[in-house]
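# Task: produce atomic coordinates for the following.
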Amino acid sequence: MDEENASQPHQNVSRRNFLQRLGLFGAVGVGAPSLLVGCGGGSSENSGGSSNQSSAAAGSKSSAGSGDVAKTVTIHPKGNQMKYKETEFTVPAGETIKLVFDNTATSPSMQHNVVIATSGSEGVLKKIGQAGTQAGSTNDYVPQEGELTDQILAHTPIAKPGETVSITFTTPSEPGKYGYVCTYPGHWATMQGTMIVEG
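Model prediction:
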């Protein structure tokens, strides 16, 4: 299975098979402290404190071998609002990306995550956001079963104010616009952005 087919939402592949197959391609950076996430599952890095990166698309090259991170992108909340400060970022197609969410909010209710969908459809983001509430805090408000899991490319865990979380994933091979949303209850309607994949 090639990476192009792995990123297509119409493929009926189990999450476990998908992760195993991506692992064969070296999608996880060798020696990198972050883990692969795909189709709404997997693990991610969560470290307390704040990130030193301040731009929405701070480029970063790794020399770790075939699983090199092509780019690191850092996203922040917009103060104590239910909005992302960075509502758009651009990444190359079919590359390993590290996404960092640095929660610089100070209000205890401003817990956030970043869930990237396999499309830019407003309807898909709405469904993912609403299903996140039902998924609950033990699942970081991310749907873990049902058809929506096939529409989630990657997600961070929930970050409390002052926390920084990150994930490493492979971008789709198909150029286009892919939406991202915070699925903490009540946030999805205003906390959205667009990942632009360029070929």
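# Show the pLDDT at Pro92.
In this model, Pro92 is scored at 97, pLDDT.
# and it, how many residues sit next to it?
Using other CB atoms under 10 Å, Pro92 has 14 other residues around it. Just so you know, the C-beta spots here come from the backbone N, C-alpha and C atoms, and that holds for glycine as well.
# so what's it up against?
The contact partners of Pro92, by CB atoms under 8 Å, 6 or more residues apart in numbering, come to Ala70, Lys71, Thr171, Val197, Glu198, Gly199.
# before we move on, what about Gly176?
Taking CB under 8 Å, 6+ apart, we find Gly176 in contact with Gly120, Ile196, Val197.
# By neighbour count, which of the contacts of Pro92 wins?
Note: the member of the contacts of Pro92 with the most neighbours is Thr171, at 24 neighbours, neighbours being other CB under 10 Å.
# With adjacent residues omitted, what lies nearest to Phe169?
For Phe169, ignoring the flanking residues on the chain, the nearest one in space by CB to CB, 6 or more residues apart in numbering is Ala154 at 3.9 Å.
# which element is that neighbour on?
Using DSSP states H and E, the secondary-structure element containing Ala154 is strand 152-155.
# Tell me which other helices or strands the next helix-or-strand element following that strand touches.
Next in sequence after strand 152-155, counting helices and strands by DSSP H and E, comes strand 163-170. Using 3 or more CB pairs under 8 Å, 6 or more residues apart in numbering; DSSP states H and E as the contact criterion, the secondary-structure elements in contact with strand 163-170 are strand 45-48, strand 96-102, strand 152-155.
# Mean neighbour count, those strands: which tops it?
Mean neighbour count (mean count of other CB atoms under 10 Å) peaks for strand 152-155 among those, with a mean of 27.
# name the helices or strands packed onto it?
With contacts defined as 3+ CB pairs under 8 Å, 6+ apart, strand 152-155 has these neighbours: strand 115-117, strand 163-170.
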